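[1] Here is my input, please return the structure:
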Amino acid sequence: MGILKRAVLSLSSGRLSHLAADRRGVAALEFALIAPLLLSMYFLTMEVGQGIETNKKVGRAASMVADLVTQQQSTTKAELNAILDIGSALLQPYSRSKPTIVITAIEVTDETTPKVKVVWSRKMVNGAYSADQAAGTITTIPNALKIKGSFLVRVQSSLDYYPVITWAAGDKGMLGLTAAFDKLEMSETYYLRPRMTQSIACSDC
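    Next comes the predicted model:
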């Protein structure tokens, strides 16, 4: 009986030793453990890169719209709408949300205590055009730009950036991450002076 028991133990020990020495499944197991982490890092890196590029485009849109407006001697609502379309097109191929772009013509009055007034304004929100602040509305600008008798064009661009991991067609959240990564608000503001004239009139604004 003792000999049989020792034989069984010896056989079992041999099989266990053989099993412990078998490394054929290690690579598959390691890949199964590491793959989710690698994929997460890949998608995170891709999303950060795309977010940075989109943020640059938001600033570029404001800069280009301001540059195009200030090259005009006078303008109209139709011309401003076309310029706003150009600014919006700069954000392509990003299409998860639409930008808001606001153009405001500003006059600093030539008074002892100068006032900063809106001359005309135009904006695009969700692809629709309309006036923003009414003419004569008091607004604010940086103190460094508050020069008596000056005329400025201010362009403000903004965009709600939705990461891929939280966005889907129809505004539905994905992967249960919407609460943590809902959206990022990107915005930029540019001030430029007219290039061709002292001021830029809008005949039908």
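[2] what residue ranges in the protein score low on pLDDT?
    Low-confidence segments of the chain, defined by pLDDT under 70, are located at 1-28, 165-181.
[3] longest helix anywhere in it?
    When the chain is parsed with DSSP state H, its longest helix is helix 26-70.
[4] chain center to it, what's the gap?
    11 Å (CA atoms, centre = their mean, to the nearest Å).
[5] what packs against the helix or strand just after it?
    For helix 26-70, the following helix or strand on the C-terminal side (DSSP states H and E) is strand 74-75. When contacts are defined as 3 or more CB pairs under 8 Å, 6 or more residues apart in numbering; DSSP states H and E, strand 74-75 sits against strand 201-202. Where C-beta positions appear, they are placed from N, C-alpha and C, glycine not excepted.
[6] Quick check: neighbours of the strand it packs on in the sheet, parallel or antiparallel?
    strand 74-75 (parallel) (DSSP bridges).
[7] name the helices or strands packed onto the longest helix of the chain?
    helix 77-89, strand 100-108, strand 151-161, strand 184-192.
[8] Got the phi and psi for Gly127?
    As for Gly127, its main-chain torsions (degrees, to the nearest 10) stand at phi 80, psi 0.
[9] Trp120 now?
    phi -160, psi 170.
[10] Around the closest residue to it other than its chain neighbours, how many other residues sit close by?
    Using CB to CB, 6 or more residues apart in numbering and skipping the chain neighbours, the partner closest in space to Trp120 is Cys205 (3.7 Å). Counted with other CB atoms under 10 Å, residues neighbouring Cys205 total 16.
[11] JSON lines for the helices and strands packed on helix 26-70, including distance to Trp120 and mean neighbour count?
    Shown next, in JSON lines, are the helices and strands packed on helix 26-70 (distance: least, CB to CB, whole Å; neighbours: other CB atoms under 10 Å):
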{"stretch": "helix 77-89", "distance to Trp120": "9", "mean neighbour count": "17"}
{"stretch": "strand 100-108", "distance to Trp120": "5", "mean neighbour count": "22"}
{"stretch": "strand 151-161", "distance to Trp120": "10", "mean neighbour count": "21"}
{"stretch": "strand 184-192", "distance to Trp120": "15", "mean neighbour count": "15"}
